[in-house]
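In: return atomic coordinates for the entry below.
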Amino acid sequence: MASEAALKLFARTGYAARGIVYLLVGGLAALAAFGQGGKTTDSKGALTQLLAAPMGDVLLGALAIGLMGYALWRCIQAFTDTDHHGNGPKGLVIRAALAVSAVTHLLLAVFAIKLITTLGGSGSKDGGSEGTASWLMSQPFGRWLVGGVGLVMIGVGIAHGIKGAKAQFADNFDMPPQVQRWTYPICRFGLIIRGLVFMVVGTFFIVAAYQVNPEEAGGIAEVFDTFRKQPFGMWLMAFVAAGLFAFGAYSMLEAFYRRVDPSAGTD
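Out: Just a heads-up that it's a prediction; the model follows:
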């Protein structure tokens, strides 16, 4: 069906768009680690940096379309259960996480469009982790909401680490064995490091909840800043940057080799 083919195209374009974002985040951080003019930043910051590139508005527009496609595919995964996670407690948690991913990537696409239309924007801090924590803190039981977000992020990080360590992603890949030999180590490394980043960000949120101070919350940029201050900080930064770059490569591989079947969850 034409509609199913279009959904597959949206999904694969979306995986590629997410991959490009993480390639930018990891690449910029690696350059910063070795003093080559890069910048430690998050997804929004990477898009802001991209705007300054030749034909940056065109590239951002293409990424925005891809990210919207990815958000659409995440919604399909969450609500029709294309990957057969089921309706048990574990399956519902995974599907809820997919729905949250849809929202976050849609917001990232909107941010990219705003950058194009305003030819600049206000950078990655607006609406980032600190802004999210501040908004949650202003709600009833806000302190507990911020702490809950932190726990969820730590849980997602652990799930990423397990997925990478056990190569669980292989169940959804249709990849020739000769390609698996060199790509699977990259995929595993990328997932484990992204999981580590999620766990550190989740810890930031828990600290913010404990201290009732949203300024303690942080995202990827703050993760890099934390590692920078440790012994051998430059090498820690470079290691994490390489991991996020590897996660970007993993997403690009998903664009080509992941099984994408929009009708799988309608049986």
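In: read off the pLDDT value for the closest residue to residue 142 other than its chain neighbours.
Out: Distances taken as C-beta to C-beta, 6 or more residues apart in numbering put residue 136 closest to residue 142, at 5.3 Å, once the chain neighbours are dropped. Where you see a C-beta, it was placed from the backbone N, CA and C, and this is true even at glycine. pLDDT, residue 136: 86.
In: tell me how far residue 136 lies from residue 143.
Out: Remark: distance between residue 136 and residue 143 (C-beta to C-beta, to the nearest Å) = 9 Å.
In: more neighbours: which of the two?
Out: residue 136 (22 against 15; other C-beta atoms under 10 Å).
In: wait, the more buried one sits on residue 144?
Out: No - the criterion here is C-beta atoms under 8 Å, and residue 136 misses it with residue 144 at 9.3 Å.
In: any stretches of the stretch 1-150 of the chain with poor pLDDT?
Out: Applying pLDDT under 70 to the stretch 1-150 of the chain flags residues 1-2, 36-39, 119-127.
In: mind running it again at 80?
Out: 1-2, 34-41, 119-128 (pLDDT under 80).
In: which is the next helix or strand following the strand or helix carrying the residue nearest to residue 142?
Out: Using DSSP states H and E, residue 136 sits in helix 129-137. The helix or strand immediately downstream of helix 129-137 is helix 142-165, counting by DSSP H and E.
In: hang on, residue 256 packs against residue 12?
Out: Yes - using C-beta under 8 Å, residue 256 is in contact with residue 12, at 7.4 Å.
In: that older thread, the helix holding residue 136 - contacts with which helices or strands?
Out: helix 142-165, helix 177-211 (3 or more C-beta pairs under 8 Å, 6 or more residues apart in numbering; DSSP states H and E).
In: residues making contact with the first one?
Out: The contact list for helix 142-165, computed with C-beta atoms under 8 Å, 6 or more residues apart in numbering, reads 97, 132-133, 136-137, 139, 168-169, 187-192, 194-210, 212, 214, 217.
In: tilt between that helix and helix 177-211?
Out: Here helix 142-165 points in a direction 160 degrees away from that of helix 177-211 (axes from the mean of the first three to the mean of the last three C-alpha atoms, to 10 degrees).
In: tell me how far helix 142-165 is from the chain's mean position?
Out: How far helix 142-165 lies from its chain's middle: 13 Å, per C-alpha atoms, centre = their mean, to the nearest Å.
In: figure out how far stretch 182-202 is from the centre of its chain.
Out: The chain centre lies 11 Å from the centre of stretch 182-202; the measure is C-alpha atoms, centre = their mean.
In: tell me which residues in it are buried?
Out: By 16 or more other C-beta atoms under 10 Å, the buried positions in stretch 182-202 come out as 183-184, 186-202.
In: repeat for stretch 40-57
Out: Applying 16+ other C-beta under 10 Å to stretch 40-57 flags 40-51, 56 as buried.
In: check the offset of that stretch from the chain's centre.
Out: Per C-alpha atoms, centre = their mean, the centroid offset for stretch 40-57 relative to its chain is 16 Å.
In: now do stretch 220-240
Out: Distance, stretch centre to chain centre, for stretch 220-240: 18 Å (C-alpha atoms, centre = their mean).
In: next, count neighbours for residue 99.
Out: Using other C-beta under 10 Å, residue 99 has 15 neighbouring residues.
In: same deal with residue 35?
Out: Residue 35 - counted by other C-beta under 10 Å - has 8 other residues nearby.
In: need the contact list for it.
Out: Residue 35 neighbours (C-beta under 8 Å, 6+ apart): none.
In: any idea how far residue 238 is from it?
Out: Distance from residue 35 to residue 238, by C-beta to C-beta: 11 Å.
In: find the residues that touch each one of the two.
Out: With C-beta under 8 Å, 6+ apart as the test, residue 35 and residue 238 reach no residue in common.
In: buried ones in stretch 145-157?
Out: Buried residues in stretch 145-157 (16+ other C-beta under 10 Å): 145, 146, 147, 149, 150, 152, 153, 154, 156, 157.
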